[in-house]
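Visitor: coordinates only, sequence not included:
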């Protein structure tokens, strides 16, 4: 005859209560875990460095009061980057980073058409120009492949229709 024992009703009730509590608290634990992940979630969206200088520019995304916010950063290394701009949540995003080869200037393409230029040494804003005229939100054309001239006074780029082929080249003075 197999060995069996009787379990008292109070012990059985205690096990049921513990199991019920564990099942009931699982959604709370999951919500707290996900909220903690979201609060500390800083993501690096893109990074670029000039060809002839030890510099780096970054675009980071992190949670903010209205959703996700993008910020622009410039530095000599990832460990000493400084935030130089915060984009307007929901209406601005960075599409591309372009450096002058000597690291003196860096530009960020915002919303596919606007170019924000910063000094790579002092990390201050220099200029903001529209490389193409925006024709709506989002624009039907976008800027790609931005390259600074040798002296940093102008940029070349490709102006492309959004979602199809047929790019044409452009040149804009940025000084």
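Guide: Nice, thanks for sending it over. Only a predicted model underlies this, so the values are computations on that prediction, with no experimental measurement involved. Residues are numbered from 1 along each chain as shown.
Visitor: can you map out the helices along this protein?
Guide: 9-39 (DSSP state H).
Visitor: any regions of it where pLDDT drops low?
Guide: For the chain, residues meeting the criterion pLDDT under 70 lie at 1-9, 11-12, 16-22, 25-26, 28-40.
Visitor: residue 48 versus residue 82, what's the distance?
Guide: 16 Å (Cβ to Cβ, to the nearest Å). Any C-beta I mention is one placed from the backbone N, CA and C, and that applies to glycine too.
Visitor: next up, the contacts around residue 45.
Guide: 59, 60, 61, 70, 94 (Cβ atoms under 8 Å, 6 or more residues apart in numbering).
Visitor: which one of these is nearest residue 15?
Guide: The closest of these to residue 15 turns out to be residue 61 (Cβ to Cβ; 46.3 Å).
Visitor: quick revisit: residue 82 and residue 48: which is more packed in?
Guide: residue 48 (15 against 10; other Cβ atoms under 10 Å).
Visitor: nearest residue to residue 49 in space, please, no chain neighbours.
Guide: Sequence neighbours aside, residue 56 is the residue nearest to residue 49 in space, at 5.1 Å (criterion: Cβ to Cβ, 6 or more residues apart in numbering).
Visitor: show me the contacts for that neighbour.
Guide: With Cβ under 8 Å, 6+ apart, residue 56 has these contacts: 47, 48, 49, 74, 75, 76, 77, 78, 81.
Visitor: which of those residues are buried?
Guide: Those of those that meet the buried threshold are 74, 75, 81, by 16 or more other Cβ atoms under 10 Å.
Visitor: now do the contacts for the closest residue to the last one other than its chain neighbours.
Guide: Translated: residue 81. Setting aside the residues directly before and after it, residue 81 is nearest to residue 75 in space (Cβ to Cβ, 6+ apart), at 3.4 Å. Taking Cβ under 8 Å, 6+ apart, we find residue 75 in contact with 55, 56, 58, 81, 82, 123.
Visitor: closest to residue 113 among those?
Guide: residue 58 (21.4 Å).
Visitor: in stretch 61-69, what's buried?
Guide: Of the residues in stretch 61-69, those buried (16+ other Cβ under 10 Å) are 61, 69.
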